[in-house]
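**Student:** requesting a structural model of the entry that follows:
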Amino acid sequence: MALVNCKECGGQVSTKAAVCPKCGAKAPKRTSPFTWVLLIFVVAGVYNFYLNLSPKSTSSTSDSSSSKESSSRKPFQAIEDVWQTVSSKDEMSGERSSYAISPRVESKSPMSFPYHGTQAWLGIGCDKNNEWAYIGFTKEPNLTDAKHEAGYKIINTRFKWDERLEVLSFTQKWGSKSIQFYDQDSAISSAASAETAVLELDWHGQKPVHFEFSLKGSSSAILKIRSECSRY
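**Tutor:** Okay, the predicted model is just below:
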């Protein structure tokens, strides 16, 4: 028989007693040596299990994360690094058009509010009768050096095809989020043969901003839309 302290009054009570003889509280039970030995074995077993499992689990998780990151990054690069083609149909007139579009880019130096994050792309469009080249933006460009005409603006600015620097003219309809090359044929020919293009704009409230476009895949994309437009 062993004696333990009562949790209520502190008096000693036998481990075989049901209640404390002094205060009547339920007597605490002494944990048997067998129970302690069994508990130690269980704790040791659990510890060893996780000790052996953790490095493998961590490695597996790391490999899985790297795989997921790699798999999620590759499709993004594949999409963003080359030109895309899309087609559309005017639901009212039924006329169809196709477009070859460069990856979207932000200005090389970030613009401040309210134009921060503005993206641009170089595009070539066609229908059954015409072809045109333009620069599209996610926000309407507010240009300080534009000459205003009836219903549109004229912009003269520097543009570079690879290392060939030119001063090109663009037109912009009032309220439009795009500017069109004035010399369409020359722009389309240059877009198909160059590797990069850089546009400079005097944007209101900003320093001169520059957008650099990748022309990777532009030639094949232009050929594709020309083939589509020839069938419209």
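
**Student:** hey, let's count contacts and neighbours off CA atoms from now on
**Tutor:** OK.

**Student:** help me confirm that Val231 is found in a helix?
**Tutor:** Not quite, residue 231 is Arg, not Val. No: residue state for Arg231 (DSSP: H, G, I helix; E, B strand; the rest coil) corresponds to coil; a helix is not indicated.

**Student:** surely it touches Lys128?
**Tutor:** Yes: using Cα atoms under 8 Å, Arg231 is in contact with Lys128, at 7.4 Å.

**Student:** quick one, which of those two is more surrounded?
**Tutor:** Set side by side, Arg231 and Lys128 give different neighbour counts by other Cα atoms under 10 Å, the larger being at Lys128 (15 against 9).

**Student:** element containing that one?
**Tutor:** Element membership of Lys128 [criterion: DSSP states H and E] is none; it lies in no helix or strand.

**Student:** and for the one 5 residues further on?
**Tutor:** Here Ala133 is covered by strand 131-137, with elements defined by DSSP H and E.

**Student:** which helices and strands sit right next to that strand?
**Tutor:** Packed against strand 131-137 by the contact rule (3 or more Cα pairs under 8 Å, 6 or more residues apart in numbering; DSSP states H and E) you find strand 119-126, strand 178-181, helix 184-193.

**Student:** rebuild the ones you listed as TSV, extending it with distance to His148.
**Tutor:** Shown next, in TSV, are the helices and strands packed on strand 131-137 (distance: least, Cα to Cα, whole Å):
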stretch	distance to His148
strand 119-126	22
strand 178-181	14
helix 184-193	21
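
**Student:** relative to helix 184-193, how tilted is the one helix or strand Leu168 maps to?
**Tutor:** With the criterion set as DSSP H and E, the secondary-structure element containing Leu168 is strand 164-173. Between the axis of strand 164-173 and that of helix 184-193 there is an angle of 130 degrees, by axes from the mean of the first three to the mean of the last three Cα atoms, to 10 degrees.

**Student:** who does strand 164-173 pair with, and is each partner parallel or antiparallel?
**Tutor:** Using DSSP bridges, strand 164-173 pairs in its sheet with strand 152-161 (antiparallel), strand 178-181 (antiparallel).

**Student:** reformat those strands as CSV; add mean pLDDT and mean neighbour count.
**Tutor:** What follows is these, written out as CSV (pLDDT from 0 to 100; neighbours: other Cα atoms under 10 Å):
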stretch, mean pLDDT, mean neighbour count
strand 152-161, 96, 18
strand 178-181, 97, 21
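
**Student:** which one of those strands lies nearest to Tyr134?
**Tutor:** Evaluated over the strands paired with strand 164-173, closeness to Tyr134 peaks at strand 178-181, with 4.1 Å, by Cα to Cα.

**Student:** what's in contact with that closest one?
**Tutor:** 132-137, 140-141, 168-173, 187 (Cα atoms under 8 Å, 6 or more residues apart in numbering).

**Student:** most surrounded residue in those residues?
**Tutor:** Ranked by the number of neighbours (other Cα under 10 Å), the contacts of strand 178-181 place Ala133 first, at 25 neighbours.
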